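**Student:** Just the structure for this:
(chains A, B, C and D)
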There are 2 protein chains.
Amino acid sequence: MTQFGTFVHTARRSLQEADRRYSLRQVAKRIGVEPGYLSKIERGQVAPPSEAATVRLAKELDQDPDVLLALGGKVSSDLQEVIRKRPRLFAQLIRELRDAPDQAVLRLVREVRDGDW
Amino acid sequence: MTQFGTFVHTARRSLQEADRRYSLRQVAKRIGVEPGYLSKIERGQVAPPSEAATVRLAKELDQDPDVLLALGGKVSSDLQEVIRKRPRLFAQLIRELRDAPDQAVLRLVREVRDGDW
DNA sequence: GCGAGTGTGTAGTGTTTAGGAAACATGACG
DNA sequence: CGTCATGTTTCCTAAACACTACACACTCGC
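**Tutor:** Okay, here's the model as predicted:
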């Protein structure tokens, strides 16, 4: 999963260009990990961090946590909880949507948001 | 999660009543774990087993793997993969459906199955 | 009463996860 | 030159995960 490291590195670099508070060290400090660890993460030398750390990192870099978690091979635990509460229902829905085009999924989202149940 | 152990124990016992091939030892052997381990699982003395072992157990006991995984605090990795491929889309949909009644989710499932995209 | 089969208790094992500590090298600048 | 600040490297580890090995005790059928 070098995807993860590259993504983080690129995002941070881009912020750093405009604002030197986005050095590796300062970002590491703000999200509560050691600089050495963040360095290894960016270079893909270690596995992506825990869910909690990933979310802190995403927020710090102004990225979507769900996307960053996905790059790290994870799924947010609050989503998992929703599924676990009604496993048959959600398993069926999600498998059904595996090959559906984005459009179709989006339509469902809207349909639900307009709360017509 | 003693839910898990109790569920497994009950399911196995019920099968065992009619068919003595469903002793703890024989089931353990068929799903490829040590009897002592399965015993501890049923009594909640250890955490629920890995995803792979859970699925084998579910099939052996003629139960829905997704349900058993859920009882074990897990979500099937193939579902996770679907989500990880389009994290924003699925995160939004699932969160939107968190409080929706079963009826509403079911309607979506049918809607999608009737493939109207 | 003994052998087969049943479930259980204790102890220990290898692997993975999720990092921390500290030293090192580089470059920029005043 | 000295001294920041930057990123990197090496080494280490505590805890959780997912089990195995094996001895023990009980009971049922013959």
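**Student:** So what touches the lowest-mean-pLDDT helix or strand in chain A?
**Tutor:** Of all helical and strand segments in chain A, the minimum by mean pLDDT, DSSP states H and E falls on helix A:102-113, at a mean of 93. Contact partners of helix A:102-113, identified using CB atoms under 8 Å, 6 or more residues apart in numbering or on different chains, comprise A:97, B:86, B:89-90, B:92-93, B:96-97, B:100, B:104, B:108, B:111-112, B:117. The C-beta positions use only the backbone N, C-alpha and C, and glycine is treated the same way.
**Student:** My guess is A:Gln80 contacts B:Ser77. True?
**Tutor:** No. Judged on CB atoms under 8 Å, A:Gln80 makes no contact with B:Ser77 at a distance of 11.3 Å.
**Student:** who's more crowded, these two?
**Tutor:** Between A:Gln80 and B:Ser77, counted using other CB atoms under 10 Å in any protein chain shown, A:Gln80 has the larger neighbour count: 21 against 15.
**Student:** That one is in what secondary structure piece?
**Tutor:** Taking DSSP states H and E as the definition, A:Gln80 sits inside helix A:77-85.
**Student:** wouldn't A:Ala28 be in contact with A:Glu42 here?
**Tutor:** No. Using CB under 8 Å, A:Ala28 is not in contact with A:Glu42, being 10.1 Å away.
**Student:** of the two, who's got more company?
**Tutor:** A:Glu42 (22 against 19).
**Student:** Without its sequence neighbours, what residue ends up closest to that one?
**Tutor:** A:His9 (4.2 Å; CB to CB, 6 or more residues apart in numbering or on different chains).
**Student:** Please tell me how far the one you found sits from DNA strand D.
**Tutor:** Here A:His9 is placed at a distance of 8 Å from DNA strand D (CB to the nearest atom of the strand, to the nearest Å).
**Student:** And for A:Leu71?
**Tutor:** The gap separating A:Leu71 from DNA strand D is 18 Å, by CB to the nearest atom of the strand.
**Student:** where does that residue land on pLDDT?
**Tutor:** On the pLDDT scale, A:Leu71 is placed at 98.
**Student:** how many neighbours does it have?
**Tutor:** By other CB under 10 Å, the residues close to A:Leu71 number 22.
**Student:** ok, now the one 3 residues further on?
**Tutor:** Burial of A:Lys74, expressed as a neighbour count using other CB under 10 Å, amounts to 22.
**Student:** quick one: it from chain B, how far?
**Tutor:** Using CB to the nearest CB, to the nearest Å, A:Lys74 is found at 8 Å from chain B.
**Student:** What of A:Gly32?
**Tutor:** From A:Gly32 over to chain B (counting by CB to the nearest CB), the distance is 24 Å.
**Student:** quick one: that residue and A:Lys59 touch, right?
**Tutor:** No. Taking contacts as CB under 8 Å, A:Gly32 lies outside contact range of A:Lys59: 12.0 Å.
**Student:** Could you export stretch A:36-50 as CSV, CA atoms only?
**Tutor:** Extracted as CSV, the C-alpha positions of stretch A:36-50 are listed here (Å, rounded to 0.1, in the frame of the first residue of the first chain):
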residue,chain,number,x,y,z
GLY,A,36,10.3,9.2,12.4
TYR,A,37,7.0,7.3,12.2
LEU,A,38,5.3,9.7,9.9
SER,A,39,8.4,9.7,7.7
LYS,A,40,8.2,5.9,7.4
ILE,A,41,4.5,6.2,6.6
GLU,A,42,5.1,8.6,3.8
ARG,A,43,7.7,6.4,2.3
GLY,A,44,5.7,3.3,2.6
GLN,A,45,8.3,1.7,4.9
VAL,A,46,5.6,0.7,7.4
ALA,A,47,2.0,-0.2,7.1
PRO,A,48,-0.6,2.6,7.2
PRO,A,49,-1.4,3.7,10.7
SER,A,50,-4.3,2.9,12.9
